[in-house]
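# Dropping the sequence and predicted coords here.
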Amino acid sequence: MALRFFNSLTRSKELFQPLVPGQAGLYTCGPTVYNYAHIGNFRTFVFEDLLRRALTFRGYRVTQVMNFTDVDDKTIRGSQAAGESLEVFTARYKQAFFEDLDTLRVQRAEVYPAATEHVGEMVELIRRLRERGHTYEDAGSVYFRLSTFPGYGRLANLNPEQMRSSGRVDNDEYEKEDVRDFALWKAWIPEDGPVFWETELGKGRPGWHIECSAMSMKYLGEQFDIHTGGVDNRFPHHENEIAQSCCATGGPFAGTWLHSEFLLVEGKKMSKSLGNFYTLRDLLEKGLDPVAIRYTLLSVHYRAQLNFSFEGIEASAQAVRRLRDLNGRLGRSPAGPGSGDKVWQLTAACETDFTEALDDDLNLAGALGHLFTWVREVNALLDSGSPDAGELERLQAWLNRVDSLLDVLREEQDESAEGRVAELVAQRAAAKQSRDFPAADRLRLEIESLGWVVKDTPQGPVFHRR
RNA sequence: GGCGGCGUAGCCAAGUGGUAAGGCAGAGCUCUGCAAAAGCUCGACCACCAGUUCAAAUCUGGUCGCCGCCUCCA
């Protein structure tokens, strides 16, 4: 068995076969840095985090590239509204984005190229397209002539002939021969203010799609393994990327395309008018545990819509608690006489089932089902006190390996509170020792009022945040 | 008009031909000074209808409901 992915390009599950055995080149469409990213964005970024961790879990060496779109209509408008240069404006949101990634424990990609730093590469790519006859110019802008790429529409499963102009088209200030054509290079207009580049194509700025083609090729090669993004990028963004990339190189582009579904909030598509639009920061302000948010985002298959709800966060927090409790238990359990082959058997079965589910297009929800079955069985074994030192190690090792995917076990340290709580816990232990139970109970209440829980174990009291 | 997805217990969610994983919530029991944690026990005729089949949540057709895409929104 090995990793299989549902490839949007072929709409079927395919065995993952990288260009270079043992290595995986990954291009993940990144944020447009004009605002704090919202929870829907993070659904996709956490999915991509799972993807890279799953590849690593399965032994691949991953090279992930995630772009920053730091020049487009929204960033230009935003910077003007803020009275800042584009650079200053976008730098703030890039910084915030990294902070948010840390909050959600998303592993860093190898490269985060910014569009503004790759205009040269884009111009070069457009030049290649022009040489091959795929472009035309009008009023200083350069467009991709769609009719020169017969494969157009394959990814989105759209037939260009049947594509309907959906009213939204065409309040565009640029002139195109065909509404479906898209801009590779946009001539400067007064609204762009100081944002422009003087290039052999003239004074202007790159179109949106070209940046991903140029930067993916630069860092991953003209052909690479996996390209991902949210479903909304499937069309037109990714479709256009394919068109311009294939036409520029004359060869194939990304082999596998993965798209994560939308996240709904309380059953509705997020929108500011519905009042259900949340940035990660909004949710943290409401007191949500970032690890519970991460777990929630991980626990629904990436191709299914995820309904984000506050009730769901609570359920996730409890599930994480269960894993952490087992983790703590493994750490403090004394070695027993040995379980026969039970530990080995349970764990091997879990490894097989878990990995198989993960291999099947990242079915983490299914994998977690197997994991929790194992958790229950392990707890029962620990209740009986039988696992010996080697077995405890084996259990711990597997839990750690799973956590290399989930990354939920580690608890944030809070030293000041912890010192205080530790003191109360010690006092309570002393009270118990002298059988002063009313005092012990009072101390428990005090500890709980600070947001912590204390529990007595055969190895002494342990405590953790509520 | 074209293309596509979804509907499984109170909530979340696997399973895609052989008599329904798992998590959360709830109830009881064991354990516990009390708790907590843990373990055990308790819950579904898989939207509806009709077919195919020895056998369907899983395949086919239809109905109802919800959702997405068809130019710049992850």
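Received, thanks.
# which residues of chain A fall in helices?
Under the criterion DSSP state H, helices of chain A are mapped to A:39-57, A:73-82, A:86-103, A:119-131, A:208-220, A:239-249, A:280-285, A:290-298, A:310-332, A:342-359, A:364-384, A:389-406, A:415-433, A:437-449.
# Just give the closest residue to whatever residue of the stretch 1-150 of chain A ends up closest to RNA strand B, not the sequence neighbours.
At 2.5 Å from RNA strand B, A:G40 is the closest residue in the stretch 1-150 of chain A, using CB to the nearest atom of the strand. From N, CA and C alone the C-beta is placed, and that goes for glycine too. The shortest distance from A:G40 to any non-neighbouring residue, by CB to CB, 6 or more residues apart in numbering, is to A:L263 (4.4 Å).
# who's in contact with the lowest-mean-pLDDT helix or strand in chain A?
When each helix and strand of chain A is scored by mean pLDDT, DSSP states H and E, strand A:268-269 comes last, with a mean of 78. Contacts with strand A:268-269, where a contact means CB atoms under 8 Å, 6 or more residues apart in numbering, come from A:262, A:274, A:276.
# Starting from it, tell me which strands it pairs with and how they run.
strand A:263-265 (antiparallel) (DSSP bridges).
# Give me the number of neighbouring residues for the closest residue to A:V46 other than its chain neighbours.
Of all residues not flanking A:V46 in the chain, A:L297 sits nearest, at 4.2 Å (CB to CB, 6+ apart). Using other CB atoms under 10 Å, A:L297 has 26 neighbouring residues.
# Just grab the bridge partners of the residue of the stretch 201-350 of chain A found nearest RNA strand B for me.
Proximity of the stretch 201-350 of chain A to RNA strand B (CB to the nearest atom of the strand) peaks at A:G230, 1.6 Å away. The partner list for A:G230 in beta bridges (DSSP bridges) reads A:S260.
# and it, what is it in contact with?
Counting by CB under 8 Å, 6+ apart, the residues that A:G230 touches are A:29, A:40-41, A:43-44, A:259-260, A:262.
# what's the answer for A:P337, then?
A:386, A:388 are the contacts of A:P337 under CB under 8 Å, 6+ apart.
# ok, now the one 10 residues further on?
When contacts are counted by CB under 8 Å, 6+ apart, A:T347 touches A:374, A:394-395, A:398.
# Can you tell me, leaving aside adjacent residues, what's nearest to A:W185?
In this structure, A:W185 finds its nearest non-sequential neighbour in A:V142, 4.0 Å apart by CB to CB, 6+ apart.
# Please verify my assumption that that neighbour contacts A:H134.
No - contact criterion CB atoms under 8 Å: A:V142 and A:H134 do not qualify, at 10.1 Å.
# about what we covered before: kindly tell me how buried the residue nearest to A:W185 is, as a neighbour count.
Burial of A:V142 is recorded as 24 neighbouring residues (other CB under 10 Å).
# Sketch out the low-pLDDT regions of chain A for me.
Scanning chain A for pLDDT under 70 picks out the ranges A:1, A:160-175, A:273.
# domains of it?
For chain A, automatic domain parsing gives the domain ranges A:20-269, A:309-406, A:415-465.
# mind putting these in CSV, distance to A:L288 included?
Formatted as CSV, these follow (distance: least, CB to CB, whole Å):
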stretch, distance to A:L288
domain A:20-269, 10
domain A:309-406, 6
domain A:415-465, 14
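# wait, which of those domains is closest to A:R303?
Evaluated with CB to CB, the domains of chain A place domain A:20-269 nearest to A:R303, the distance being 5.5 Å.
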